[in-house]
Each structure stands twice: as C-alpha cells, then as structure tokens.
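Asks: quick check, what structure comes out for this input:
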Amino acid sequence: QVQLVETGGGLVQPGGSLRLSCTASGNFYSIYNMAWYRQAPGKQRELVAGVKIGGTVSYGDSVRGRFTVSRDNANNAVYLQMNALTPEDTAVYYCYAEITYTIGARHDDYDLWGQGTQVTVSS
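Replies: A predicted model of the protein is given here:
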C-alpha cells in the first residue's frame, strides 16, 4: 500500500515563508506527476503547483512568482517553498501523486492524495 506523508504546515505571519514536504512510501513502479493542491473553507480544491517526473513544472496563477515546487525522484518526494505568504493562502494543502504500478507485464496508474496539512497565514 502506498502512502503520502506531508509535513511542514503551520501558522505564519503575512509576508512569511513555509516549506511543505511530501514523501511517498510503499510499493509502486514510478510516480509520473506530483503536485500540491489546496482547499480553503467554502472553496473548491485548486492546483497550487505540480512537477512531472521529467521536471516540467506548473503553477496556479495566484502563487506564480511566490511559490516554488521541486522534486526529488530518488526519494519520491515533492516540496513546496512558499514565500510572501498572504492570508489568502490560508488553506489545507494536499499532496497529490499519480502512482504507476505493475500488474503482470503491464502498468496501470491511480491518483493518491495525502491527508492534508493546514497552513494558516495570520497576524
């Protein structure tokens, strides 16, 4: 069974920084896409940033230029460096991974989510 474990959330003042980490553990073939999503109260879950196994990155419009996503393929980990945080960044942040596994001679994939970590930006 594959699990995603997130760390790094917490309370920070406006203008501050936080770094989130997510590590996948278990039995799988590879992870094509790893990403961070967030969901604020009363709002839909939205993409924050993602990085594919080859290094291609993408960002949500509201975080571009402030957040940086990175990935460590050797350790099956993804990171999110968040700078210049504002109260609008307050949300539960979820790690996402597209897991590829082996069935006999072929591969298949599924979506996996972490449990979420709270980020609160407040003075």
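Asks: contacts and neighbour counts: CA atoms only from here.
Replies: Will do.
Asks: for the helix or strand harbouring residue 119, the averaged confidence score.
Replies: Using DSSP states H and E, residue 119 sits within strand 117-121. What strand 117-121 shows for mean pLDDT is 98.
Asks: partner strands of it and their direction?
Replies: In the sheet, strand 117-121 lines up against strand 10-12 (parallel), strand 91-103 (antiparallel) (DSSP bridges).
Asks: Serialize those to a markdown table and add fields for distance to residue 69, mean neighbour count and mean pLDDT.
Replies: A markdown table is the format used below for those (distance: least, CA to CA, whole Å; neighbours: other CA atoms under 10 Å; pLDDT from 0 to 100):
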| stretch | distance to residue 69 | mean neighbour count | mean pLDDT |
| --- | --- | --- | --- |
| strand 10-12 | 18 | 16 | 98 |
| strand 91-103 | 12 | 20 | 95 |
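Asks: export the ones you listed to JSON lines and tack on distance to residue 71?
Replies: As requested, those are arranged in JSON lines below (distance: least, CA to CA, whole Å):
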{"stretch": "strand 10-12", "distance to residue 71": "21"}
{"stretch": "strand 91-103", "distance to residue 71": "12"}
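Asks: what pLDDT is listed against the residue nearest to residue 2 when sequence neighbours are not counted?
Replies: Nearest in space to residue 2, with sequence neighbours left out and distances taken as CA to CA, 6 or more residues apart in numbering, is residue 26 at 4.3 Å. pLDDT, residue 26: 92.
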